[in-house]
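Novice: model the following, please.
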Amino acid sequence: MKRTKIHVTKKSEKLVKKFIVTDQNADSGLLGKWNATVFYVDRKKCWLFTNGLTKYNVILTNIKASDLDKIEETFKNTFYTQLVFDGIVTDFERIDTIVGHLDFLKTDNDKSTIAHQNQRLYDLDYWKYQFGSLDTMPMKELTSRMNRSIIHIGKSRRMADYTDATSEMKKLLTEQNV
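Specialist: Below is the predicted model:
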């Protein structure tokens, strides 16, 4: 079965302690590794997952301790619906196969992805005031805004290295024939 690595921040690590695996050498799967962090809206726990290769974001809202047992299913469903919302149409079975089983690992200190997540959370903090509460926030739309923000991927400073996460995820899934 395919596996997807998800590195959690120190803050998140306490929440998923029982799910943390120690096998760092496992393959990252077709999508590469992800980073996850916890943030709060209206004192409700939310998770921001960011793909390391594409900087594509997925947000899970109002996650309680009892929801952690089905976090894998919740992540796959939310990832799939976000892809569809962003215009990346594929079928759920393929996404389920590509993602496979989630392996939660301790932080990898990926400073680029962590900085990207911090910027997206800053954007979200701004939007919180616009919409008021978590219940009135159109989370798919806000995540889509995050994924359409201009980002830099690559080593040089050429204009061709500037893109957005939605385009990068679409390209990655197309390369993988998904």
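Novice: before we move on, which element is Thr54 in?
Specialist: Using DSSP states H and E, Thr54 is not contained in any helix or strand.
Novice: and it, how far from Asp125?
Specialist: Going from Thr54 to Asp125 by Cβ to Cβ, to the nearest Å gives 23 Å. All C-beta atoms are positioned from the backbone trio N, CA, C, and that covers glycine.
Novice: look at these two and report which has more neighbours.
Specialist: Between Thr54 and Asp125, Thr54 has the larger neighbour count (other Cβ atoms under 10 Å), namely 23 against 11.
Novice: counting by contacts, list what the helix or strand hosting Met146 packs against.
Specialist: Here Met146, judged by DSSP H and E, is contained in helix 139-148. Under the contact criterion of 3 or more Cβ pairs under 8 Å, 6 or more residues apart in numbering; DSSP states H and E, helix 139-148 touches strand 57-60, helix 71-85, helix 111-131, helix 165-175.
Novice: what about 10 Å?
Specialist: strand 44-51, strand 57-60, helix 71-85, helix 111-131, strand 162-164, helix 165-175 (3 or more Cβ pairs under 10 Å, 6 or more residues apart in numbering; DSSP states H and E).
Novice: using neighbour counts, pick out the buried residues of it.
Specialist: Residues of helix 139-148 classed as buried by neighbour count (16 or more other Cβ atoms under 10 Å): Met139, Leu142, Thr143, Ser144, Met146, Asn147.
Novice: report the two of the residues you listed separated the most.
Specialist: Largest separation among those by Cβ to Cβ: Met139 and Asn147, giving 12.3 Å.
Novice: quick check: neighbours shared by those two?
Specialist: Residues touching both Met139 and Asn147 (Cβ atoms under 10 Å, 6 or more residues apart in numbering) are Gln82, Phe85.
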